[in-house]
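Participant: Okay, predicted coordinates and the sequence, questions at the end:
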Amino acid sequence: MNTFTYYPGCTLRTKAKALDAYARASAEALGITLEEPADWQCCGGAYTTAKDEIATKLSAVRVLNSAKEAERPLITVCSACHNVIKQTNYDISHDEEIASKVNNYMQFDQPYNGETAVYHYLEMLRDVIGFDELKKKVVNPLKGKRIAAYYGCLLLRPSKALAMDDPENPTIIEDFIRAIGATPVIYAQRNECCGGYITLEDKAQASKRSSKIMESASDNGADMLITACPLCLYNLRKNSGSELPVYYFTELLAEALGVKEANNEQ
């Protein structure tokens, strides 16, 4: 049985409980154990690229070091949390100045130098379980459903640090969709920004961006759209003006594995 240190993040405790609940239920069905570290803190929500800004990175370092001490890889499911933690790990691994400053602050028993392997839940499905094996475990294949994958900004970029997939022509979510028995819909806006981070400051622009995405998916025949990002899901549902349903990818996974429960609905 594979065991991961699991970082849920703040939003999965509040507005995105369904993303978390379905991820946990599906992991159990797949023989994956998710161990949440004690006393984790908010990852910060956005990665600060300034090299002299260390304090905002420390909560991500704590959870990375916790996974190192437990001798387990780290897994995340929220796109924003994954982006912050993966970029933090990458910079510590590749920049001695950042690593030195981090360890001077933290003073761990042993220095942390980026040893923890970090997976997004989708990467776990692809690289640990394998999509061919996932397909074998599906008890309720979603045949006939045409599903559009929405990547957004944070799963794929910056590509050197995230290293999940080709940022211009990704396939990981489409391959996931095939594994659960559905048909992926390829459309032009699947890895473009939905305007999520400007929703409060410029709702009109966010609405324009999210509407363009939903129209592109709908025009290409999608029955629904899936994402891994709570902010993207909110923006696409609330600001696009579209009736196309938007779900977390973990909800479709749980349905395909036969572990979806009605009381998990967000």
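Facilitator: Structure's in. What do you need? Numbers count the residues shown, from 1 in each chain.
Participant: Quick check: buried residues in the helix or strand where Ile98 lies?
Facilitator: In this structure, Ile98 sits in helix 96-106 according to DSSP states H and E. By 16 or more other Cβ atoms under 10 Å, the buried positions in helix 96-106 come out as 98-99, 101-103. C-beta: built from backbone N, CA, C; applies to glycine.
Participant: Just the mean pLDDT for it, thanks.
Facilitator: For helix 96-106, mean pLDDT is 95.
Participant: for it, the distance to its chain's centre please.
Facilitator: How far helix 96-106 lies from its chain's middle: 27 Å, per Cα atoms, centre = their mean, to the nearest Å.
Participant: I'd like to know which elements it is packed against.
Facilitator: Counting contacts by 3 or more Cβ pairs under 8 Å, 6 or more residues apart in numbering; DSSP states H and E, helix 96-106 packs against helix 58-69, helix 79-94.
Participant: low-confidence ranges in the protein?
Facilitator: 1, 262-266 (pLDDT under 70).
Participant: Next, name the residue at the spatial heart of it.
Facilitator: With distances taken as Cα atoms, centre = their mean, the residue of the chain nearest its centroid is Ser79 (3.3 Å).
Participant: what sits against that residue?
Facilitator: 120, 152, 154-155, 227-230, 232 (Cβ atoms under 8 Å, 6 or more residues apart in numbering).
Participant: Let me have those in CSV, extended by secondary structure.
Facilitator: Formatted as CSV, the contacts of Ser79 follow (DSSP: H, G, I helix; E, B strand; the rest coil):
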residue, secondary structure
His120, strand
Gly152, coil
Leu154, coil
Leu155, coil
Thr227, strand
Ala228, coil
Cys229, coil
Pro230, helix
Cys232, helix
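Participant: can you tell me which of those lies nearest to Thr3?
Facilitator: His120 (16.9 Å; Cβ to Cβ).
Participant: what's the closest non-adjacent residue to that closest one?
Facilitator: His82 (4.8 Å; Cβ to Cβ, 6 or more residues apart in numbering).
Participant: Please apply the same query to Ser240.
Facilitator: Ser210 (4.0 Å).
Participant: In terms of secondary structure, what does the helix or strand containing that neighbour contact?
Facilitator: Counting by DSSP H and E, the element that carries Ser210 is helix 203-219. Counting contacts by 3+ Cβ pairs under 8 Å, 6+ apart, helix 203-219 packs against strand 224-227, helix 230-238.
Participant: And it, what's buried?
Facilitator: Buried residues in helix 203-219 (16+ other Cβ under 10 Å): 206-207, 209-218.
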